[in-house]
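K.L.:
sequence? don't have it. structure:
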Ligand SMILES: Nc1nc2c(ncn2[C@@H]2O[C@H](COP(=O)(O)OP(=O)(O)O)[C@@H](O)[C@H]2O)c(=O)[nH]1
Ligand SMILES: Nc1nc2c(ncn2[C@@H]2O[C@H](COP(=O)(O)OP(=O)(O)O)[C@@H](O)[C@H]2O)c(=O)[nH]1
Ligand SMILES: [Mn+2]
Ligand SMILES: [Mn+2]
Ligand SMILES: [Mn+2]
Ligand SMILES: [Mn+2]
């Protein structure tokens, strides 16, 4: 039989990313150095951290002046008031507050802890890193830059580590996509007995994000880009498709 | 450099599973027929559906007599009252109700839609399939039966497709585990700059579940078991570790 495998491979020798770095160039250099190839249909999954770093989304907390509201909220949840100021400025609304955490609706629509701002793997004691301004656009730019250089059309997925309701632990979650499906509509697909499916939508890009996150880790592994080969589904989704509108959400 | 890959491969030729089937035997037969090997450290990820079928967790809705409460709730959410009766009998509490859906806390602790009862890929128009009685125990039994036959210690993960708060689409999620980590505690691991991590816990088994789900699909693919090789983290977690206690949960 034809074995149909999926495989995931971390790119080696990715440097510490600096503002202004050309991620497409760095990725292609890593692949060339390792003597690998890229193929049409491959997907490159990359950590939010390196995209944000390349886009210079670092903020020095020393430059942040917290508003009275940030100071009040910071006292309540016991966080740095400057960090709370940043979180609020990145967010549409605060959905819940708890000890050490603000669950917000980010301006990009993601419901997430602390507006996705964290300080691990970021240089400088008092530096915080914001999400990319428009992660779908960032993914498209990287994809186009790769296609321009090597004439191969890869998918690009940008992921971040998200907490969840009800369950402990973070999982890799899609925040930016280009050239991959995001939400998969299975309406009409027959089940094993020929009946159309009850479950009609799959968070495909989130499943891929979680898969790649297994390989990235969260610490000093230095594996911010995972090459994925063997995916069968194709499409052109936006990460906005993965966002449940507030009025349909039972948990907001 | 030593390339460190993760790969996932669906087992071929898995039959339609019937009550009483020996999953370990079926899995080993599939692997042998395909002329593959199993190695220590491999993980077999399998769909809830086949475990429930083998354990005869099928209920004929014609035998279910809905209680007055089930009838009332069924009218409210527009579902089959017999199905609502089953959902209630499998659940601790109803967390939210919406059109066509009951979000419940399952007796096993999972917050999920319709107590994990669905009818796709189940034979018989009016047959519903419940979750395994104790999925961690099911995973352990399959793991032990494999070890007894071939003297190889694989990890076993049982997964189901879960909806989420805030985001559209289901993703593969761990409901039973043996011989794999579930929640990964990263406290103390140094980041790229030697500082200990801020994010301390990863839903590792859920990331693996999502990865395998990409390969399974949801329809008539007939790929209920995925062989995973190349995982680095090891451990012995319980899926209970993935459950956030109600009193720490901001969304219950
Ligand atoms: N080589 C390299 N790896 C990085 C860099 N920043 C983060 N990483 C790695 O990327 C992976 C994910 O890091 P994490 O901080 O969890 O990123 P996030 O989930 O996007 O916030 C880990 O393997 C990190 O070591 C970087 O600038 N260079
Ligand atoms: N070979 C085989 N595949 C099955 C069986 N039941 C389900 N599957 C497959 O298992 C995968 C997951 O099915 P799904 O209904 O989504 O399972 P669930 O997520 O555990 O509820 C799909 O590829 C199905 O076709 C079975 O009895 N035999
Ligand atoms: Mn992040
Ligand atoms: Mn991370
Ligand atoms: Mn199921
Ligand atoms: Mn499924």
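P.N.:
Received it, and whenever you're ready, just let me know what you need. Note that the structure is predicted; figures quoted are calculated from it, not measured. Ligands and ions are numbered 1, 2, ... in the order given.
K.L.:
Helices of chain A, start to end?
P.N.:
A:23-33, A:48-54, A:68-77, A:81-89, A:135-150, A:204-216 (DSSP state H).
K.L.:
Would you tell me which one of those helices is buried the most?
P.N.:
Among the helices of chain A, judged by mean count of other C-beta atoms under 10 Å in any protein chain shown, the one packed with the most neighbours on average is helix A:204-216 (a mean of 28). (Glycine included, C-beta is placed from N, CA and C.)
K.L.:
helices or strands next to that helix in the packing?
P.N.:
With contacts taken as 3 or more C-beta pairs under 8 Å, 6 or more residues apart in numbering or on different chains; DSSP states H and E, helix A:204-216 sits against strand A:6-10, strand A:43-47, strand A:155-162, strand A:171-178, strand A:225-229, strand B:6-10, strand B:171-178, helix B:204-216.
K.L.:
Hmm, residue A:14 and residue A:223 touching each other?
P.N.:
Yes - using C-beta atoms under 8 Å, residue A:223 is in contact with residue A:14, at 7.5 Å.
K.L.:
Show me what the residue nearest to the spatial centre of chain A is bridged to.
P.N.:
In chain A, the residue lying closest to the centroid (C-alpha atoms, centre = their mean) is residue A:159, at 1.8 Å. Under DSSP bridges, the beta-bridge partners of residue A:159 are residue A:47, residue A:174.
K.L.:
How about residues contacting stretch A:63-71?
P.N.:
A:74, A:81-86, A:88 (C-beta atoms under 8 Å, 6 or more residues apart in numbering or on different chains).
K.L.:
coming back round to it: turn the helices and strands packed on helix A:204-216 into a markdown table, columns for distance to ligand 2 and mean pLDDT.
P.N.:
Listed next are the helices and strands packed on helix A:204-216 as a markdown table, based on distance: least, C-beta to the nearest ligand atom, whole Å; pLDDT from 0 to 100:
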| stretch | distance to ligand 2 | mean pLDDT |
| --- | --- | --- |
| strand A:6-10 | 14 | 96 |
| strand A:43-47 | 21 | 98 |
| strand A:155-162 | 21 | 98 |
| strand A:171-178 | 17 | 98 |
| strand A:225-229 | 20 | 98 |
| strand B:6-10 | 8 | 96 |
| strand B:171-178 | 7 | 98 |
| helix B:204-216 | 4 | 98 |
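K.L.:
possible to save the ones you listed as JSON lines with distance to ligand 5?
P.N.:
As requested, these are exported to JSON lines (distance: least, C-beta to the ion, whole Å):
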{"stretch": "strand A:6-10", "distance to ligand 5": "21"}
{"stretch": "strand A:43-47", "distance to ligand 5": "26"}
{"stretch": "strand A:155-162", "distance to ligand 5": "23"}
{"stretch": "strand A:171-178", "distance to ligand 5": "19"}
{"stretch": "strand A:225-229", "distance to ligand 5": "25"}
{"stretch": "strand B:6-10", "distance to ligand 5": "17"}
{"stretch": "strand B:171-178", "distance to ligand 5": "9"}
{"stretch": "helix B:204-216", "distance to ligand 5": "11"}
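K.L.:
closest to residue B:185 out of these?
P.N.:
helix B:204-216 (9.9 Å; C-beta to C-beta).
K.L.:
Run the contact check for that closest one versus ligand 1.
P.N.:
No - against ligand 1, helix B:204-216 shows no contacts by C-beta under 6 Å from any ligand atom, the least distance being 11.9 Å.
K.L.:
for the residue nearest to residue A:207 when sequence neighbours are not counted, what are its contacts?
P.N.:
Nearest non-adjacent residue to residue A:207, counting by C-beta to C-beta, 6 or more residues apart in numbering or on different chains: residue B:210, 4.2 Å away. By C-beta under 8 Å, 6+ apart, the contact list for residue B:210 reads A:171, A:206-207, A:209-211, B:171-173.
K.L.:
In this structure residue A:211 contacts residue B:215, no?
P.N.:
No - with contact defined as C-beta under 8 Å, residue A:211 does not reach residue B:215; the gap is 9.5 Å.
K.L.:
what touches both of those two?
P.N.:
Here residue A:211 and residue B:215 have residue A:6 as joint contacts, going by C-beta under 8 Å, 6+ apart.
K.L.:
Next, find the distance separating the residue of the stretch 51-200 of chain A found nearest ligand 5 from ligand 2.
P.N.:
Residue nearest to ligand 5 within the stretch 51-200 of chain A: residue A:199 (8.1 Å; C-beta to the ion). Distance, residue A:199 to ligand 2, using C-beta to the nearest ligand atom, to the nearest Å: 7 Å.
K.L.:
cool, and residue A:122?
P.N.:
38 Å.
K.L.:
what sits against that residue?
P.N.:
A:49, A:53, A:58, A:128-129, B:193.
K.L.:
wait, which of the contacts of residue B:210 is closest to residue B:188?
P.N.:
Among the contacts of residue B:210, and counting by C-beta to C-beta, the member closest to residue B:188 is residue A:171, at 20.9 Å.
K.L.:
burial measure for the closest one, as a count.
P.N.:
Counted by other C-beta atoms under 10 Å in any protein chain shown, the residues lying close to residue A:171 total 27.
K.L.:
cool, and residue A:129?
P.N.:
24.
K.L.:
shouldn't it be in contact with residue A:115?
P.N.:
No - if you go by C-beta under 8 Å, residue A:129 and residue A:115 don't touch, sitting 10.9 Å apart.
K.L.:
can I assume residue A:23 is in contact with residue A:49?
P.N.:
No - look at residue A:23 against residue A:49 with C-beta under 8 Å: they stay out of range, at 11.5 Å.
K.L.:
intersection of neighbour lists for the two?
P.N.:
Shared contacts of residue A:23 and residue A:49, defined by C-beta under 8 Å, 6+ apart, are found at residue A:17.
K.L.:
how many neighbours does the residue of chain A found nearest ligand 2 have?
P.N.:
Residue of chain A nearest ligand 2, by C-beta to the nearest ligand atom: residue A:192 (5.1 Å). With neighbours defined by other C-beta under 10 Å, the count for residue A:192 comes to 16.
K.L.:
Show the contacting residues for the residue of the stretch 51-200 of chain A closest to ligand 5.
P.N.:
With C-beta under 8 Å, 6+ apart, residue A:199 has these contacts: A:186, B:118, B:120, B:161, B:170, B:218.
K.L.:
Now do the contacts for the residue lying closest to residue A:152 once chain neighbours are set aside.
P.N.:
Closest residue to residue A:152 apart from its sequence neighbours, by C-beta to C-beta, 6+ apart: residue A:38 at 4.8 Å. Residue A:38 makes contacts with A:28, A:31, A:146, A:150, A:152, A:154, A:227, as judged by C-beta under 8 Å, 6+ apart.
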